[in-house]
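Student: Sharing a model prediction with you, sequence too.
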Amino acid sequence: MNFPLPFWDIIVWLAVAALILLITSEMLSSHYRSINIPIDKKRLKNVAIAVSIVFLAAVIIRIMNMPSAL
């Protein structure tokens, strides 16, 4: 049984999720006090950083699995 998402699609999904989370966490920073959303900003930023790290790890795995040109 094949996994329905190829590795490349997972990398793209992680990139989009990381960007959305990082932008959201920055928009909810202390500079925007007028936004009154009940979200834990520290946890959101930690999740954004974690997803970004997973994305970078997936890219490194993708690069390591490329055939060498040498």
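Tutor: Received the coordinates, thanks.
Student: Now the spatially most central residue of the chain: which helix or strand?
Tutor: Note on the chain: the residue nearest the mean C-alpha position is A18, at 2.3 Å, using CA atoms, centre = their mean. Taking DSSP states H and E as the criterion, A18 maps to helix 7-27.
Student: following that helix, which helix or strand comes up?
Tutor: Next along the chain from helix 7-27, counting by DSSP H and E, comes helix 41-64.
Student: What residues sit buried inside that next one?
Tutor: Residues of helix 41-64 classed as buried: 44-45, 47-48, 51-52, 55, 58 (neighbour count, 16 or more other CB atoms under 10 Å). The C-beta positions use only the backbone N, C-alpha and C, and glycine is treated the same way.
Student: And stretch 11-28, by the same measure?
Tutor: 11, 14-15, 17-18, 21-22, 24-25, 28.
Student: And stretch 4-13, by the same measure?
Tutor: For stretch 4-13, burial by neighbour count (16+ other CB under 10 Å) applies to I11.
Student: quick one: contacts of that stretch?
Tutor: Stretch 4-13 has contacts (CB atoms under 8 Å, 6 or more residues apart in numbering) with 55, 58-59, 61-62.
Student: Give me the pLDDT value at A69.
Tutor: Note on A69: pLDDT of 53.
Student: coming back round to it: would you format the contacts of stretch 4-13 as a markdown table with pLDDT and distance to D40 included?
Tutor: A markdown table is the format used below for the contacts of stretch 4-13 (pLDDT from 0 to 100; distance: CB to CB, whole Å):
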| residue | pLDDT | distance to D40 |
| --- | --- | --- |
| F55 | 89 | 22 |
| A58 | 87 | 26 |
| V59 | 87 | 28 |
| I61 | 86 | 31 |
| R62 | 85 | 32 |
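Student: dump the residue contacts of the residue nearest to the centre of the chain.
Tutor: A18 is in contact with 48, 51-52, 55, counting by CB under 8 Å, 6+ apart.
Student: Report pLDDT for it.
Tutor: 88.
Student: and it, how far is that from P38?
Tutor: 23 Å (CB to CB, to the nearest Å).
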